[in-house]
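Trainee: next comes the sequence, and after it the predicted model I'd like to discuss.
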Amino acid sequence: MKGKWKRWLVLWAVCLTSVGAWAAEALKVAVLMPLKEQSPRGETVIEFYQGLLMAVAQLKGEGQSVDVYALDSGTDEAQMETVLRNSMLTKMDVIFGPADGAQIAPLADFCRQHGIRMVMPFNTPCNQLYSNPWIYQVGVAQEQLYPGITALVMDQMENSHFVVYHSGEQDERAQSFTNHLTQVFALRQMQVTSLPAGADVRAFEQALNQFRENVIIPDSRSLKAVKDLLAGLKAFRADFPQYKVKLLGYPEWLTYTSVLLKDFYALDTRVFSAYYRNPLSGRVLKFEQQYRQNFGKASRNSFPRAEMLGYDLGCYFLRGLARYGADFDNQHAAMAEAQPLQQYFRFQRVGEQGGFINLHVQLVHYGANNTIQVEK
């Protein structure tokens, strides 16, 4: 690892000073997470921090002064309370953290008291979100994205015939989604049919519509369920090639492309997800090369990529705060089209007194012409 970046990974304070072209004073950013934890999660936290540092370097190159403070916060409430005794933290513009649910309350109270934005990058349930206007929650429960997913599905596939494939597996999250869609379709007086696990050609013929485009949605996210569906579907299409069939799937399907990419292309598949790393993007490839040069290692094949999450969030909040200052919370619509590496952000306030949640969702479209597009 190069010396400059090694110094940036110190677990205390790092100041990147330059003459600010956007702000009279340097933005002050803190990362309060278990930076010393020796575990897969600890590695994810470090990768997030490294990506954030790359965002800071980008902003510095654009003329914005930024001071970064990284403190190991441990994992429990008492450790966080100890860290928060550091008086320099009262001067922060934004704090990224925590990673543990047990630490949310003391940090949320601290941020409310001092008027500091608290950004939670990971999907950690937060009860304080509904009463604390300073909290930003990036990762949210799938159910909170249902309205956005439904709107996208209806926009892209409004005149289709929908079919739910019942896999026989127990997957509450997937079945919650198919139940939600079925209820929405019922309200719109749209017919939905069912396919049983192990469906033969006759069952496919009965469930699908010969005169309309068919969209099949499994009620399980597993690779096995998708493969079982594909096996039956291929046998059916061999006998009935005139039927038009597409697939609609889950974020987990993004991890199956190494084995199912050709099938996804052939079936004009759409996958809903809050994030997507496009492996064909020149910007993504350049970032990964720079990350490898800076830190002496390649990006891990994780979903989402933690270092890209750190970079995207860093650019979003630092640029936004530099440009809009105290009016930042009212400018999310203006910032919505910023081009991230992996994840867009569409923050909406929860109630009148609550914080913000990220409700961005998109469809990753594996087109029949072997292209990948993001529909949002």
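Mentor: That came in fine, so what should we check first? Numbers count the residues shown, from 1 in each chain.
Trainee: A strand includes residue 357, no?
Mentor: Yes - counting by DSSP: H, G, I helix; E, B strand; the rest coil, residue 357 is part of a strand.
Trainee: run through the helices of the stretch 201-350 of the chain in chain order.
Mentor: Under the criterion DSSP state H, counting those that start in this stretch, helices of the stretch 201-350 of the chain are mapped to 201-207, 223-239, 257-266, 282-295, 306-324, 332-335.
Trainee: off-centre distance for the last one?
Mentor: So the one you mean is helix 332-335. Centroid displacement of helix 332-335 relative to its chain, using Cα atoms, centre = their mean, to the nearest Å, is 18 Å.
Trainee: mind listing what's buried along that helix?
Mentor: Neighbour-count burial for helix 332-335, counted by 16 or more other Cβ atoms under 10 Å, picks out 332, 335. No exception for glycine: its C-beta is placed from N, CA and C like everyone else's.
Trainee: stretch 300-310 now?
Mentor: For stretch 300-310, a neighbour-count test (16+ other Cβ under 10 Å) marks 302, 304, 305, 306, 307, 308, 309, 310 as buried.
Trainee: surely residue 317 is in contact with residue 94?
Mentor: Yes - using Cβ atoms under 8 Å, residue 317 is in contact with residue 94, at 5.4 Å.
Trainee: can you list residues touching both of the two?
Mentor: Residues touching both residue 317 and residue 94 (Cβ atoms under 8 Å, 6 or more residues apart in numbering) are 117, 119.
Trainee: hmm, back to that, which of the helices of the stretch 201-350 of the chain sits most buried?
Mentor: Highest mean neighbour count of those: helix 306-324, a mean of 23 (counted as mean count of other Cβ atoms under 10 Å).
Trainee: before we move on, the earlier item: can I get the buried residues of stretch 300-310 in TSV including pLDDT and distance to residue 256?
Mentor: TSV is the format used below for the buried residues of stretch 300-310 (pLDDT from 0 to 100; distance: Cβ to Cβ, whole Å):
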residue	pLDDT	distance to residue 256
302	86	15
304	92	16
305	95	17
306	96	20
307	97	22
308	97	20
309	97	21
310	98	25
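Trainee: and stretch 290-299, end to end?
Mentor: 10 Å (Cα to Cα, to the nearest Å).
Trainee: can you get me a residue count around the spatially closest residue to residue 308 that is not a sequence neighbour?
Mentor: Nearest non-adjacent residue to residue 308, counting by Cβ to Cβ, 6 or more residues apart in numbering: residue 342, 4.0 Å away. Counted with other Cβ atoms under 10 Å, residues neighbouring residue 342 total 22.
Trainee: thinking again about what came up before, I'd like the helices of the stretch 201-350 of the chain as JSON lines, with distance to residue 25 appended.
Mentor: JSON lines is the format used below for those (distance: least, Cβ to Cβ, whole Å):
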{"stretch": "helix 201-207", "distance to residue 25": "63"}
{"stretch": "helix 223-239", "distance to residue 25": "51"}
{"stretch": "helix 257-266", "distance to residue 25": "45"}
{"stretch": "helix 282-295", "distance to residue 25": "27"}
{"stretch": "helix 306-324", "distance to residue 25": "11"}
{"stretch": "helix 332-335", "distance to residue 25": "21"}
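Trainee: the residue nearest to residue 308 contacts residue 312, doesn't it?
Mentor: Yes - at 5.8 Å, residue 342 and residue 312 qualify as touching, with contact defined as Cβ under 8 Å.
Trainee: contacting residues around the residue nearest to residue 308?
Mentor: With contact set as Cβ under 8 Å, 6+ apart, residue 342 has these partners: 275, 276, 277, 284, 304, 305, 308, 309, 312.
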